[in-house]
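> Any chance you could fold what I've pasted below:
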Amino acid sequence: MGHDHAHGHMAADGRRLRLAIGVIALGLVAQLVGAALSGSLALLADSGHMASDLAGLVIALLATIVAARPASGRQTYGYRRAEVFAALINGLVLVAVSLSVAVAAVSRLLDPSHLEVLGLPMLVVGLVGGATNVVALLVLRGGASHSINMRGAYLEVLGDLLGSAAVVVASIVVLTTGFAQADSVGSLIIAAMIVPRAWSLLREAVRVLFGSAPGDIDLAAVRAHITDTAGVVSAHDVHAWQITSGATVFSAHVVVERDVFCDMRVDETLDALDRCLASHFEVEHATFQLEPADHAEHERATHD
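Purely as a prediction, here's the structure:
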C-alpha cells in the first residue's frame, strides 16, 4: 500500500468519522433525556457507552488527522502510529465504562427497594439509540477492514448497538411483567458485551506497539519462500512488524551464492524477493541485505 493510497484511505476515514460523530451525538442527547425521564440504569449505562463511543470517534478523527501528516527527517515513518495510540485509548475507555456499569448494576440488584423504572420511555429511547447506531455502523463499515483506528471506532459503535438491543429487551420485560430489576440485568449484559471487544482491541494495539510480528504472517513460511528464490542459500535476522494495522514492514539478511554478485544478478535477485513477498504476504515495505555465503560465515564468527 503506497503513501498516496494510504492518504486516500485516511481522507475517506475522516469523512466517515465526521458523519458518524454527528449521528452518535444526536443519539446521545436522546438517550440522556430518556434516561432522566425513565430512571433506567440500562439506558444510562448505554448513554455512558454512547458517550465513550463519541469520545472514541473524536479521538479516532484526531488520530486520522495526525496520521495524515507527512514523514520527516525525525519521524521517518510519519505519524501513522497515532492510529494505534487512539485504538489503545479507546480500548481503555471501554474497560472503564464496563466496570462502572457493572458496579452500578450490582448495587441496584443488591438494593432494589427504591428502584423505579418507566418502561415506555426506556423502550422508545432504546429504539432511537439503536437506529442511530445502525446508521453510524453503515457509515464506518467501509474503513474497518484496513485500519485498527477505524476498527476500534466500528467496534465501539457495534457494542453500543448491542447495548441498545439489551435496553429494548429489558424495557419490554419491565412493561410486560413489572420486573424492574430487568433494567439492572440488562446493564450487566451490556458490560459483559463490552469487555471482549475491549480486550481484542487492546491486545492488537499492544502487539503493534511492542513491534510483534503480525498475527497473519508466519515468519517460518516467509523464510521458506525466501530460500526458494533462485540463488538464495539461507536467510537470517528475519523481522516483521507493523507501523499501524495493514502497514507491515519486513527486513532480512539473505545469504546468496557468490555467483549472484559475480554475474551481476543482485538487481534480479532483489526483484525476485520483492515479488515473492508481494505475492504471498501483505508487506508494505521490505528491506533485504544480500550477503555472499563466505561473508555470512565471517559475520556469524564475529557475533559468537
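> just the strands in this protein please.
232-242, 248-256, 285-292 (DSSP state E).
> mind listing what residue 97 touches?
By C-beta atoms under 8 Å, 6 or more residues apart in numbering, the residues touching residue 97 are 48-49, 52, 191, 194. C-beta coordinates here come from the backbone N, C-alpha and C atoms, glycine included.
> can you redo these as JSON lines with pLDDT and distance to residue 153?
As requested, the contacts of residue 97 are arranged in JSON lines below (pLDDT from 0 to 100; distance: C-beta to C-beta, whole Å):
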{"residue": "48", "pLDDT": "71", "distance to residue 153": "17"}
{"residue": "49", "pLDDT": "68", "distance to residue 153": "13"}
{"residue": "52", "pLDDT": "72", "distance to residue 153": "11"}
{"residue": "191", "pLDDT": "79", "distance to residue 153": "20"}
{"residue": "194", "pLDDT": "77", "distance to residue 153": "14"}
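> Of the strands of the chain, which stretch is the most buried?
Mean neighbour count (mean count of other C-beta atoms under 10 Å) peaks for strand 248-256 among these, with a mean of 21.
> That one - contacts with which helices or strands?
helix 219-227, strand 232-242, helix 266-280, strand 285-292, helix 293-303 (3 or more C-beta pairs under 8 Å, 6 or more residues apart in numbering; DSSP states H and E).
> just to revisit the earlier point, residue 58 is nearest to which of the strands of the chain?
strand 232-242 (24.3 Å; C-beta to C-beta).
> Ranking by neighbours, what's the top pick from the contacts of residue 97?
residue 49 (30 neighbours; other C-beta atoms under 10 Å).
> Look up how far residue 34 lies from residue 107.
Distance, residue 107 to residue 34, by C-beta to C-beta, to the nearest Å: 21 Å.
> So the two - more neighbours on which side?
residue 34 (25 against 12).
> tell me, how many neighbours does the residue nearest to the more buried one when sequence neighbours are not counted end up with?
The shortest distance from residue 34 to any non-neighbouring residue, by C-beta to C-beta, 6 or more residues apart in numbering, is to residue 125 (2.8 Å). Neighbourhood size, residue 125 [other C-beta under 10 Å]: 27.
> now do residue 226
Residues near residue 226, counting by other C-beta under 10 Å, number 20.
> ok, it touching residue 275?
No. Using C-beta atoms under 8 Å, residue 226 is not in contact with residue 275; the gap is 11.6 Å.
> residues touching the nearest residue to residue 274 once chain neighbours are set aside, list them.
Closest residue to residue 274 apart from its sequence neighbours, by C-beta to C-beta, 6+ apart: residue 286 at 6.1 Å. Contacts for residue 286 (C-beta under 8 Å, 6+ apart) come out as 249-252, 273-274, 277.
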